[in-house]
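# Need the 3D shape of this:
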Amino acid sequence: MNAKTLAAGLVGAITLGTVGAAFADAMFLPGLYEVRVSYPGDGSGVETTRECLTLAEAKEESLERQLGEVLNDASCQFTQRNIGAGRFAISGTCNNGGFRSNLKQSGTYSPTAMTMDMSMTLAPVPGAGPVSMQMTMSSRRIAANCPAGSDND
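The predicted structure follows:
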């Protein structure tokens, strides 16, 4: 496994998630969301997906719950935890499975849209140089209802 693949896996494990990409102070609004992810500087372009958030899932998801799962990770220590008034900023250091990483996330949120900029530096193995990664993600609700047979992941 190369360092970039490992870093991408850790990003997925500690970020806010794409289905939960439309945050509200209390609850998400159910519906179909378009999620756009890019990794500035690596030339891979923008990946666009569509995710369905069901009413049942929306009742269980909130900004506080999503961030609570990240912020309560015993392997992480956070130096910044600002959430409210449509904005969030988080920074800290994690030790996931022996891999130390520094991360910063910031962005904006509403009941139907979210933007996030994230940067992470990972020291993959002792003696190896650090691997840095940046990610930009945005999502927006494009329909109040999901099409029949849509993916609920």
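
# so which strand or helix has residue 56?
According to DSSP states H and E, residue 56 maps onto helix 55-60.

# Would you point out the helix or strand in this protein whose mean pLDDT is lowest?
Ranked by mean pLDDT, DSSP states H and E, the weakest helix or strand in the chain is helix 3-14, scoring a mean of 37.

# continuing past the helix or strand harbouring residue 91, what's the next helix or strand?
Per DSSP H and E, residue 91 falls inside strand 87-96. The helix or strand immediately downstream of strand 87-96 is strand 99-110, counting by DSSP H and E.

# now the chain, which segments are flagged as low pLDDT?
1-27, 62-72, 150-153 (pLDDT under 70).

# Swap in 50 and give it another go.
The chain contains residues with pLDDT under 50 at 1-26, 153.

# I'd like the distance between the residue of the chain most remote from its centre and residue 96.
Relative to the mean C-alpha coordinate of the chain, counting by C-alpha atoms, centre = their mean, the farthest residue is residue 127 (28.8 Å). Applying C-beta to C-beta, to the nearest Å, the value for residue 127 to residue 96 is 19 Å. Where you see a C-beta, it was placed from the backbone N, CA and C, and this is true even at glycine.

# How about residue 102?
Going from residue 102 to residue 96 by C-beta to C-beta gives 12 Å.

# Ok, residue 87 next?
Distance, residue 87 to residue 96, using C-beta to C-beta: 26 Å.

# and the two? which has more neighbours close in?
More crowded of residue 87 and residue 96, by other C-beta atoms under 10 Å: residue 96, with 16 against 11.

# about what we covered before: any idea which helix or strand comes after the least confident helix or strand of the chain?
Using DSSP H and E, the next helix or strand after helix 3-14 towards the C-terminus is strand 31-38.

# Tell me which other helices or strands that following strand touches.
strand 46-53, strand 131-143 (3 or more C-beta pairs under 8 Å, 6 or more residues apart in numbering; DSSP states H and E).

# Paired strands for the shortest one, with orientation please.
Spelled out, it's strand 46-53. For strand 46-53, the paired strands and their directions (DSSP bridges) are strand 31-38 (antiparallel).

# again with the last one
When pairs are called by DSSP bridges, strand 131-143 turns out to pair with strand 31-38 (antiparallel), strand 113-123 (antiparallel).
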